[in-house]
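*Asks:* need coordinates for the below:
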Amino acid sequence: MSEHTRETADDRFNRILREYGPALSRLAFGYERVPSQREELMQEIALAIWQALPHFRGECSERTFVYRIGHNRGLTHAVRRRPEHEPLDELPQRLEPVDRKPHPEDEIAKTQERNRLRSAIQGLPLAYRQVVMLMLEDLSHAEIAEVLGLTESNVAVRMNRARKALKEALEGAS
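*Replies:* This next block holds a predicted model:
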């Protein structure tokens, strides 16, 4: 019997939120720019995980299962919140600083570079932004494919196109 089989439903849910909460928060940031709405999205994700856990049969990793739920809720949230005239790939995004530690000028330059990259990522079409966000969470192409319901080759194509778009955006912003 594995450690996870002995967990109660509450314990498992709490462990999942502790373990994946920071990553899910970053994922929610990719879908929602308004902090209060992002918090609402996080609650939707947590509820969806709670509701789905009894049905988890281990056909994929727990990590993939959690990310899939997060992305599905994020996409539903983004579609529900966008104005009818606004295409999903053009949802506006606002960036928030992640590093709040005061540092000398070197740290300021690093922060500006990170912000440029975040801005470029936020400017990507949603399909590309999804694969980039999951890649940054260290998921493999196979895991990303499983989360998004794509083939691995489609993930690779999207990743290549996203890299090209990021390179162009970063070169254009220089």
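*Asks:* can you give me the distance of the residue nearest in space to the middle of the chain to Arg129?
*Replies:* The centroid of the chain falls nearest to Leu27 when counting by Cα atoms, centre = their mean (2.4 Å). Distance from Leu27 to Arg129, counting by Cβ to Cβ, to the nearest Å: 11 Å. The C-beta positions use only the backbone N, C-alpha and C, and glycine is treated the same way.
*Asks:* sec struct for Asp138, please.
*Replies:* Secondary structure, DSSP: H, G, I helix; E, B strand; the rest coil: Asp138 is coil.
*Asks:* next one: Leu150
*Replies:* Applying three-state DSSP: Leu150 is coil.
*Asks:* just to revisit the earlier point, which residues sit in contact with the residue nearest to the centre of the chain?
*Replies:* Contacts here follow Cβ atoms under 8 Å, 6 or more residues apart in numbering; on that basis Leu27 touches Tyr67, Gly70, His71, Gly74, Met133, Glu137.
*Asks:* let's see it at 7 Å
*Replies:* Neighbour list for Leu27: Gly70, His71, Gly74, Met133 [criterion: Cβ atoms under 7 Å, 6 or more residues apart in numbering].
*Asks:* what residues sit buried inside the one helix or strand the last one maps to?
*Replies:* Translated: Met133. In this assignment (DSSP states H and E), Met133 forms part of helix 126-136. Using 16 or more other Cβ atoms under 10 Å as the test for burial, helix 126-136 gives Leu126, Tyr128, Arg129, Gln130, Val131, Val132, Met133, Leu134, Met135.
*Asks:* report the distance from that helix to the chain centre.
*Replies:* Relative to the centre of its chain, helix 126-136 is centred 7 Å away, using Cα atoms, centre = their mean, to the nearest Å.
*Asks:* same deal with stretch 54-74?
*Replies:* With Cα atoms, centre = their mean as the basis, stretch 54-74 stands 13 Å off its chain's centre.
*Asks:* same thing with stretch 152-170?
*Replies:* 16 Å.
*Asks:* and that stretch, what's buried?
*Replies:* Asn154, Val155, Arg158, Met159, Ala162, Ala165, Leu166, Ala169.
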